[in-house]
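**Q** Coordinates only, no sequence provided:
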């Protein structure tokens, strides 16, 4: 077999990948993702329950309180370096959508904080959030216009 054929042969590539890839500990990783993600969801539900029952908020307002609190806690934990450790331990389980969004928003800002408050922290804070907000607002305007035109 010539050298050119060895590097393009799919079976050769598969054998080399198997040889140099560490074995996956998927059972352990799945368990960690499950319990950490579940704990984050339980925390969110507990915050919503406190808002609804103790603070006498509407269900909608209590859900908003839970979302805001989870985003705030994730941002703080990202800022002090704790959320990265949680992410390394739990993998995808720590990135329940709202906490993943908060982490993705704060992380770039922390990398560029040395460049100053405006050009570093302020500019990079919305690197991820900016497109989400633009497309979210744009889509809501479009849906609102369709709704207004067709009276749905």
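**A** Received, thanks. This structure is a prediction, so every number in the text was calculated from the model and none was measured.
**Q** Could I get the buried residue list for the helix or strand that contains residue 104?
**A** Applying DSSP states H and E as the criterion places residue 104 in helix 97-111. Buried residues in helix 97-111, counted by 16 or more other C-beta atoms under 10 Å: 98-99, 101-110. (Glycine included, C-beta is placed from N, CA and C.)
**Q** which secondary structure elements does that helix contact?
**A** Contact here means 3 or more C-beta pairs under 8 Å, 6 or more residues apart in numbering; DSSP states H and E; on that basis helix 97-111 packs against helix 59-79, helix 82-90, helix 123-125, helix 129-150.
**Q** Ok, which of these comes nearest residue 42?
**A** Closest to residue 42 of the helices and strands packed on helix 97-111, according to C-beta to C-beta: helix 59-79, at 11.0 Å.
**Q** quick check, distance from the closest one to the centre of its chain.
**A** Chain-centre distance of helix 59-79: 13 Å, with C-alpha atoms, centre = their mean, to the nearest Å.
**Q** quick one: contacts of it?
**A** With contact meaning C-beta atoms under 8 Å, 6 or more residues apart in numbering, helix 59-79 is reached by 40, 43-45, 47-52, 55, 57, 83-84, 86, 98-99, 101-103, 105-107, 110.
**Q** want to throw the helices and strands packed on helix 97-111 into CSV with mean pLDDT and distance to residue 10?
**A** Shown next, in CSV, are these (pLDDT from 0 to 100; distance: least, C-beta to C-beta, whole Å):
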stretch, mean pLDDT, distance to residue 10
helix 59-79, 93, 41
helix 82-90, 92, 33
helix 123-125, 69, 41
helix 129-150, 86, 37
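**Q** Let me have those in CSV, adding mean neighbour count and distance to residue 28 as columns.
**A** Listed next are those as CSV, based on neighbours: other C-beta atoms under 10 Å; distance: least, C-beta to C-beta, whole Å:
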stretch, mean neighbour count, distance to residue 28
helix 59-79, 17, 23
helix 82-90, 16, 11
helix 123-125, 18, 34
helix 129-150, 10, 32
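**Q** wait, which of these is closest to residue 25?
**A** Closest approach to residue 25 among the helices and strands packed on helix 97-111 (C-beta to C-beta): helix 82-90, 12.5 Å.
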